[in-house]
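A.B. asks: Sequence below, structure please.
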Amino acid sequence: MDNKTTAEKLATIQKGYTLEGATIELGAAIVDGELHKEAQVRLPLAMMNRHGLVAGATGTGKTVTLHMMAEQLSTAGVPVFLADIKGDLSGLATAAAGSEKLKARTDSIGQAWAGKTFPVEFLALGGDGNGIPVRATITSFGPILLSRVMELNDTQESSLQLVFHFADKNNLELIDLKDLRAVIQFLTSDEGKDELEELGGLSKATAGVILRELVNLEAQGLERFFGEPEFDTAELLRTAPDGRGVITCLELPTLQTKPMLFSTFLMWLLADLFEDLPEAGDLDKPKLVFFLDEAHLLFNGASKAFLNAITTTVRLIRSKGVGIFFVTQTPKDVPADVLGQLANRIQHALRAFTPEDAKALKATVSTFPVSDYDLEETLTSAGIGEAVITVMNEKGAPTPVAHTRLRAPESVMGPSTEELVKITVAGSALLAKYGTAVDNVSAYEKLTGKTATPTGGAAPGQPPAPKASGLSRPGQAGSGQADVDAEARRIEEEILGRPSSRPAPVPDRGAGTDAPSRRAPEPAAPASGGMAGDLAGVLGGALGGGLKSMARSLGTQLGRELLRGVFGTSSRRRR
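C.D. replies: Below is the predicted model:
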């Protein structure tokens with residue numbers, strides 16, 4: 001390797017990154033300290049569902065890298081999900097301004113640069129931020145993920161699964177935290193002690209510990225993140241009217257106080273997609289690329305059940321057309337079973353200031369193929385906006401390792417103005433669907449005999465829901481909820497491969513009529529057969545009406561069990 005000439009090294013990289021299909025352009029190779037714009041480094045679009053890792057020390061450019069990749073994916077018609085932890089990625093909605101310094105950089109790597117805006121949807125977990133509120137029901141979230149948020153040990157996690165089993169069996173809908181609290185209080189009461197004994201592995205003392213942890217969550221204000229309307233993950237698969245993929249940015253400004261909730265909620269989104277999407281096989285481009293920033297938060301202190309569920313999801317969701325990129329500081333932040341499934345590697349600079357840093361550096365170098373670079377030296381000396389890259393080529397083999405100067409994003413590398421974000425949110429048809437919390441009859445009302453609390457107003461800080469528009473730009477005319485329903489029908493029929501459950505278009509009632517933008521909450525199903533009816537609808541819709549009577553005969557308990565997924569999540573849709 002050491003006696004190769006620069007020309008030979010360059011030829012190896014050029015040959016390795018000469019690809020036939022559509023690609024994401026990453027940048028130009030640096031060989032023997034010199035930049036060569038004729039040696040372009042790329043990632044095959046068809047290989048992005050083989051997952052990837054974007055790693056590097058703080059301040060080395062990881063966020064800019066995923067920003068640049070998101071732009072190109074959107075242009076290729078691929079929807080993108082971004083966990084926008086610092087708020088920097090909202091700049092995708094604002095075109096960047098050129099400069100002499102920027103032009104010199106882009107010219108040096110052979111990039112034809114022009115400032116652009118991209119179709120962006122802003123979401124906020126539980127309405128904590130300026131985006132459209134995103135919520136999940138407790139039953140959908142499931143016991144494994146909820147145990148992660150509550151930081152329960154393995155025994156307590158197993159006990160919580162028994163609580164969910166009891167609620168499923170008795171048609172006690174767990175929508176929000178007060179529902180789960182009501183079920184646990186019932187089981188620990190004199191009235192419910194017989195039911196508690198029947199659960200076997202659930203002791204009153206453990207139930208009491210779980211109840212205290214639940215009260216703690218409520219005291220921290222986390223009740224806003226659980227409830228209805230529940231976010232439908234099919235919304236992440238949308239394209240804009242011009243064919244570009246919609247980039248969905250999920251923010252949580254108070255991440256510092258809720259890191260576990262944020263990371264676990266991202267896994268709920270993935271688990272829900274995994275349960276909902278059909279098998280797709282090899283595609284020319286993925287249905288969705290999912291970037292998980294601050295990925296180490298997923299794994300710190302995780303239970304064995306949680307780690308097994310993540311590993312299973314990552315391994316199997318590839319065949320459903322979804323690519324996952326973990327973004328973190330070092331590969332050692334990701335468990336070996338997961339790391340082994342990440343075929344595409346973009347490694348920014350690492351530091352070696354401490355013995356622990358040096359150990360992490362050696363471990364990182366050992367995960368790369370043999371190359372013409374001294375990787376220890378390259379990784380510690382790489383500049384901001386540079387990375388060491390190897391990806392999977394179209395034949396499924398790793399490409400040559402390439403020290404790369406990365407392309408520059410064409411939108412603003414930083415946050416958009418708060419005013420623009422608010423205008424974009426106000427113009428989103430999703431606001432009418434998710435902006436207002438509802439409180440249907442569920443376990444709390446059934447166990448206490450109280451009526452449901454009144455439906456709340458729009459989430460704090462949200463503008464009133466307009467009759468507007470699509471996703472492209474603020475102020476663009478559109479047909480509001482009708483557009484959302486039309487796009488949702490397309491996703492269900494073309495991507496999810498099932499008959500649409502969305503209502504058919506309703507003719508305009510004319511001026512002066514304020515048609516409701518949301519359907520009123522449906523009454524809770526009777527305890528005798530609500531879940532069986534839901535199961536019949538799912539199976540009947542997917543495989544034909546002839547299965548409906550058979551599905552009903554399965555009964556409520558079996559229906560619940562069939563609809564529980566890899567994380568103990570439920571794929572039940574509440575619209």
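A.B. asks: What pLDDT is listed against residue 319?
C.D. replies: Model confidence at residue 319, given as pLDDT, is 93.
A.B. asks: What does it show for phi and psi?
C.D. replies: Note on residue 319: its backbone torsions stand at phi -70, psi -10 [degrees, to the nearest 10].
A.B. asks: In contact with it, which residues?
C.D. replies: Residue 319 sits next to 279-281 when contact means CB atoms under 8 Å, 6 or more residues apart in numbering. Where C-beta positions appear, they are placed from N, C-alpha and C, glycine not excepted.
A.B. asks: Please report how far it lies from residue 48.
C.D. replies: Using CB to CB, to the nearest Å, we find residue 319 at a distance of 14 Å from residue 48.
A.B. asks: same thing with residue 103?
C.D. replies: Distance from residue 103 to residue 48, counting by CB to CB: 29 Å.
A.B. asks: swap in residue 216?
C.D. replies: With distances taken as CB to CB, residue 216 is found 40 Å from residue 48.
A.B. asks: Looking at the two, which is more packed in?
C.D. replies: Per other CB atoms under 10 Å, whichever of residue 216 and residue 48 has more neighbours is residue 48, with 30 against 12.
A.B. asks: Which pLDDT value belongs to that one?
C.D. replies: Confidence at residue 48, expressed as pLDDT, is 94.
A.B. asks: Find the nearest non-adjacent residue to it, please.
C.D. replies: residue 323 (4.1 Å; CB to CB, 6 or more residues apart in numbering).
A.B. asks: Could you give the number of residues near residue 284?
C.D. replies: Around residue 284 there are 10 residues (other CB under 10 Å).
A.B. asks: so which helix or strand takes in it?
C.D. replies: Secondary structure from DSSP states H and E places residue 284 outside every helix and strand.
A.B. asks: Contacts only, for it.
C.D. replies: Here residue 284 is in contact with 21-22, 45-46 (CB under 8 Å, 6+ apart).
A.B. asks: mind checking the longest strand of the chain?
C.D. replies: Longest strand in the chain by number of residues, with DSSP state E as the criterion: strand 34-44.
A.B. asks: now for that one, which elements pack on it?
C.D. replies: When contacts are defined as 3 or more CB pairs under 8 Å, 6 or more residues apart in numbering; DSSP states H and E, strand 34-44 packs onto helix 6-16, strand 23-31, strand 402-406.
A.B. asks: Give me the distance from the next helix or strand along the chain from it to the chain's centre.
C.D. replies: Using DSSP H and E, the next helix or strand after strand 34-44 towards the C-terminus is strand 52-55. Computed by CA atoms, centre = their mean, to the nearest Å, the chain-centroid distance of strand 52-55 equals 16 Å.
A.B. asks: what's next to strand 52-55, contact-wise?
C.D. replies: Counting by CB under 8 Å, 6+ apart, residues outside strand 52-55 touching it are 62, 65-66, 291, 323-331, 333-334, 339, 342-348, 364, 391.
A.B. asks: strand partners of it, parallel vs antiparallel please.
C.D. replies: The strands that strand 52-55 pairs with in its sheet are strand 322-328 (parallel), strand 344-347 (parallel) (by DSSP bridges).
A.B. asks: Quick check, residue 388 in contact with residue 377.
C.D. replies: No: counting by CB atoms under 8 Å, residue 388 does not reach residue 377; the two are 11.0 Å apart.
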